[in-house]
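Visitor: have a look at this prediction, sequence included:
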Amino acid sequence: KAGVTQTPRYLIKTRGQQVTLSCSPISGHRSVSWYQQTPGQGLQFLFEYFSETQRNKGNFPGRFSGRQFSNSRSEMNVSTLELGDSALYLCASRDRANTGELFFGEGSRLTVL
Amino acid sequence: AQTVTQSQPEMSVQEAETVTLSCTYDTSESDYYLFWYKQPPSRQMILVIRQEAYKQQNATENRFSVNFQKAAKSFSLKISDSQLGDAAMYFCAYRSGSQGGSEKLVFGKGMKLTVNP
């Protein structure tokens, strides 16, 4: 079974631009969550989706948004990029029947110049 | 809000030796889950071990075991017979058991483990 796939793996943007990151969960997984990882703040929860509905949201500004499609694939968008948005963005999925364990992708490394 | 603290940013261990990674957490909840995740240099986070708070027995997974002290809010990870492949960042994480199914994890800052040959 293929793992969680995130694209793109690396990207460079400039301040003020916007970016869209994609996440394809493990086949059959309906829950997708996103995390931001930075050296200073560590891993911080962004949001979580289940069956196309946002179930929980972290403490991030409105520039960070996401959505989930009917095939469980998810995207997150960051508008008006700031230097501080440079981070590794991790996506994780979970099978409804498997309580607790999240399966992570390798992440999308965003650099904002 | 729940917090997770990993006070040791780095540790090293000799191959075949045993090492213990510490983690403390703060919560007012009685129902929760605790996890140790490993993040090798390839960056993919992998679950090492999990512990349900209602279980008194400490979880074990092969060479990995935990010491769960609920009253002290302590959750340490012991790695026995350390191998070179154990070198990675290790994250302790907390998940509430009463979030209506939400999967939100609260992570510690992580600890870098080096395994010396």
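Guide: That came in fine, so what should we check first? Since we're looking at a predicted model, the values are computed, not measured. Numbering: from 1, shown residues only, chains lettered A, B, ... in the order given.
Visitor: contact partners for B:Val115?
Guide: Going by C-beta atoms under 8 Å, 6 or more residues apart in numbering or on different chains, B:Val115 touches B:12-15, B:82-87. For the C-beta atoms, the positions are set from N, CA and C on the backbone; glycine is no exception.
Visitor: could you report the neighbour count for B:Ile49?
Guide: When neighbours are counted by other C-beta atoms under 10 Å in any protein chain shown, B:Ile49 registers 20.
Visitor: to which secondary structure element is the residue nearest the centre of chain A assigned?
Guide: Geometric centre of chain A, nearest residue: A:Trp34, 3.4 Å, by C-alpha atoms, centre = their mean. Assigned by DSSP states H and E, A:Trp34 belongs to strand A:31-38.
Visitor: quick check: neighbours of that strand in the sheet, parallel or antiparallel?
Guide: Applying DSSP bridges, strand A:31-38 is found paired with strand A:42-50 (antiparallel), strand A:87-94 (antiparallel).
Visitor: could you list the residues of chain A in contact with chain B?
Guide: Contact residues (C-beta under 8 Å from any C-beta of the partner chain) of chain A with chain B: A:3, A:31, A:33, A:35, A:42-45, A:48, A:50, A:55-56, A:58, A:88, A:90, A:92, A:94, A:99-102, A:104-107.
Visitor: are any of these buried, and if so which?
Guide: A:31, A:33, A:35, A:42-45, A:48, A:50, A:55-56, A:88, A:90, A:92, A:94, A:100, A:102, A:104-107 (16 or more other C-beta atoms under 10 Å in any protein chain shown).
Visitor: ok, back up a step: the contacts of B:Val115 in strands, which ones?
Guide: Those of those mapping onto strands are B:12-14, per DSSP state E.
Visitor: circling back: hmm, A:Ser22 and the residue nearest to the centre of chain A touching each other?
Guide: No - contact between A:Trp34 and A:Ser22 fails when scored by C-beta atoms under 8 Å: they sit 11.1 Å apart.
Visitor: so what's in contact with the two at the same time?
Guide: Contacts common to A:Trp34 and A:Ser22, judged by C-beta under 8 Å, 6+ apart, are A:Ser74.
Visitor: which pLDDT does the model give the spatially most central residue of chain B?
Guide: For chain B, the residue nearest the mean C-alpha position is B:Trp36 (2.8 Å; C-alpha atoms, centre = their mean). Per-residue confidence at B:Trp36 stands at 97 (pLDDT).
Visitor: may I have the beta-bridge partners of it?
Guide: On the basis of DSSP bridges, B:Trp36 is bridged to B:Ile49, B:Cys92.
Visitor: flag the shaky bits of chain B, pLDDT-wise.
Guide: By pLDDT under 70, the weakly predicted segments of chain B are B:99-101.
Visitor: quick check: residues of it near chain A?
Guide: Counting by C-beta under 8 Å from any C-beta, chain B sits next to chain A at B:33, B:35, B:37, B:42-47, B:50, B:91, B:95, B:99-110.
Visitor: restricted to buried residues, select those residues in PyMOL.
Guide: Selection of buried members from the residues of chain B next to chain A for PyMOL, criterion 16+ other C-beta under 10 Å:
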select buried, chain B and resi 33+35+37+43+44+45+47+50+91+95+102+103+104+105+106+107+108+109+110
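Visitor: out of the residues of chain B next to chain A, list just those in strands.
Guide: Reading strands off those with DSSP E, I get B:33, B:35, B:37, B:46-47, B:50, B:91, B:95, B:106-107.
Visitor: where in chain A is pLDDT low?
Guide: A:1, A:96-100.
Visitor: quick one, strands of it?
Guide: Along chain A, counting by DSSP E, strands occupy A:5-7, A:10-13, A:19-24, A:31-38, A:42-50, A:53-57, A:64-68, A:74-78, A:87-94, A:103-104, A:108-112.
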